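Q: A structural model of the following input is requested.
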Amino acid sequence: MPEHYLTIRQMCDAYDVTPRTLRFYEAKELLSPVRQGTRRLYTRRERARLKLVLRGKRFGFSLEDIRQLLDLYDTSGQNLAQIQRAHELAKERLGDMIRQRDELTVAIDDLRQQMDWGSEVIASLTSTSTSAAE
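A: A predicted model of the protein is given here:
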């Protein structure tokens with residue numbers, strides 16, 4: 001049974017990416033579509049790789065980290081090295097995300113305090129100028 005290929009347009013539609021994105025990932029050696037002349041045809045393997053790339057990007061992994069993880073794929077199906085490295089990267093990234101969240105929480109609280117202060121000043125100045133006008 002011949003493998004089902006997707007064209008670049010079909011890939012874009014299926015994964016909500018642009019042709020430029022697919023060509024970029026190809027240039028970064030994350031994808032290797034079958035070439036027929038100038039046409040790029042994507043196999044099931046390439047579709048799986050793109051899913052992993054998009055998931056890795058969503059989690060904030062660098063393209064180099066993603067490429068290294070993809071390179072660790074073991075065709076025998078064991079993939080222990082790949083899974084271990086993915087777990088290490090995920091643990092590091094989760095720590096980064098938690099630190100960023102905590103920093104954002106502090107910044108949000110500070111901004112709210114400044115806005116409350118600003119509201120009080122505006123109210124005070126508004127009532128003072130209203131009283132002076134009377």
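Q: use CA for all of it now, contacts and neighbours both
A: Will do.
Q: and residue 103, that's in a helix?
A: Yes. According to DSSP: H, G, I helix; E, B strand; the rest coil, residue 103 belongs to a helix.
Q: For it, the count of nearby residues, please.
A: Around residue 103 there are 12 other residues, counting by other Cα atoms under 10 Å.
Q: So it versus residue 96, what's the distance?
A: Remark: distance between residue 103 and residue 96 (Cα to Cα, to the nearest Å) = 11 Å.
Q: And for residue 11?
A: 32 Å.
Q: Of the two, which one has the most company?
A: It is residue 11, of residue 11 and residue 96, that has more neighbours when counted by other Cα under 10 Å, with 20 against 13.
Q: which ones are touching the more buried one?
A: Counting by Cα atoms under 8 Å, 6 or more residues apart in numbering, residue 11 makes contact with 17, 42, 47.
Q: Repeat the analysis, applying 10 Å as the threshold.
A: Counting by Cα atoms under 10 Å, 6 or more residues apart in numbering, residue 11 touches 5, 17, 18, 19, 22, 41, 42, 46, 47, 50.
Q: Now list the buried members of those.
A: With neighbours counted by 16 or more other Cα atoms under 10 Å, the contacts of residue 11 contain buried members at 5, 22, 41, 42, 46, 47, 50.
Q: What pLDDT does the model give the second one?
A: The predicted local confidence for residue 22 comes out at a pLDDT of 97.
Q: Over to the first one?
A: pLDDT, residue 5: 94.
Q: How about the fifth one?
A: pLDDT, the model's per-residue confidence, is 94 for residue 46.
Q: Pretty sure it sits in a helix.
A: Yes. Judged by three-state DSSP, residue 46 forms part of a helix.
Q: Residue 40 is in contact with that one, correct?
A: No. Counting by Cα atoms under 10 Å, residue 46 stays clear of residue 40, with 11.0 Å between them.
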